[in-house]
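Peer 1: requesting a structural model of the entry that follows:
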Amino acid sequence: MLIYDMQNLVKVYPAQSQSVNDLMTFQIYQGEIFGILGDNGVGKSTLIRIGIKAVEGANFLDFVHS
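Peer 2: Numbers count the residues shown, from 1 in each chain. Purely as a prediction, here's the structure:
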């Protein structure tokens, strides 16, 4: 069962003209373990903030299971 679907996410900071990432897309399914790894300053925290509160794009979040 799909519980999270992020499609075509692009983040551009106001002070920059270039995007931080290029069309990030991923899905998380029930029972999967998902991790975000990377060097300092690559956008891990920004990705989580966008995922928690839809800042840009369309997010689907469903943590209620029957």
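Peer 1: after the lengthiest strand in the chain, which helix or strand is next? Please name it.
Peer 2: Ranked by residue count and defined by DSSP state E, the top strand of the chain is strand 2-9. Downstream of strand 2-9, the first helix or strand assigned by DSSP states H and E is strand 24-29.
Peer 1: so what are the sheet partners of that following strand and their directions?
Peer 2: Neighbouring strands of strand 24-29 in its sheet, by DSSP bridges, are strand 2-9 (antiparallel).
Peer 1: what residues sit buried inside the strand it pairs with?
Peer 2: 3-4, 6, 9 (16 or more other C-beta atoms under 10 Å). (C-beta placed from N, C-alpha, C; glycine too.)
Peer 1: try stretch 34-53
Peer 2: Neighbour-count burial for stretch 34-53 [16+ other C-beta under 10 Å]: 46-47, 50-51.
Peer 1: show me the shaky parts of this structure.
Peer 2: 18-22, 53-66 (pLDDT under 70).
Peer 1: go again using 80 as the cut-off
Peer 2: 7-24, 43, 50-66 (pLDDT under 80).
Peer 1: hmm, back to that, and of the buried residues of stretch 34-53, the nearest to residue 28?
Peer 2: Closest approach between those and residue 28, by C-beta to C-beta: residue 51, at 9.6 Å.
Peer 1: and that closest one, what helix or strand is that in?
Peer 2: Using DSSP H and E, residue 51 maps to helix 44-52.
Peer 1: which strands or helices does that helix pack on?
Peer 2: strand 2-9, strand 59-61 (3 or more C-beta pairs under 8 Å, 6 or more residues apart in numbering; DSSP states H and E).
Peer 1: nearest to residue 27, of these?
Peer 2: Comparison of the helices and strands packed on helix 44-52 against residue 27 by C-beta to C-beta identifies strand 2-9 as nearest, at 5.0 Å.
Peer 1: and the angle from that closest one to helix 44-52?
Peer 2: Here strand 2-9 runs at an angle of 120 degrees relative to helix 44-52 (axes from the mean of the first three to the mean of the last three C-alpha atoms, to 10 degrees).
Peer 1: got the CA positions of strand 2-9 in CSV?
Peer 2: This file holds the C-alpha atoms of strand 2-9, laid out as CSV (Å, rounded to 0.1, in the frame of the first residue of the first chain):
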residue,chain,number,x,y,z
LEU,A,2,1.4,3.4,-1.0
ILE,A,3,1.6,5.8,2.0
TYR,A,4,3.7,8.6,0.5
ASP,A,5,4.1,9.8,-3.1
MET,A,6,6.3,12.8,-4.0
GLN,A,7,6.5,13.6,-7.7
ASN,A,8,8.5,16.2,-9.7
LEU,A,9,9.7,18.2,-6.6
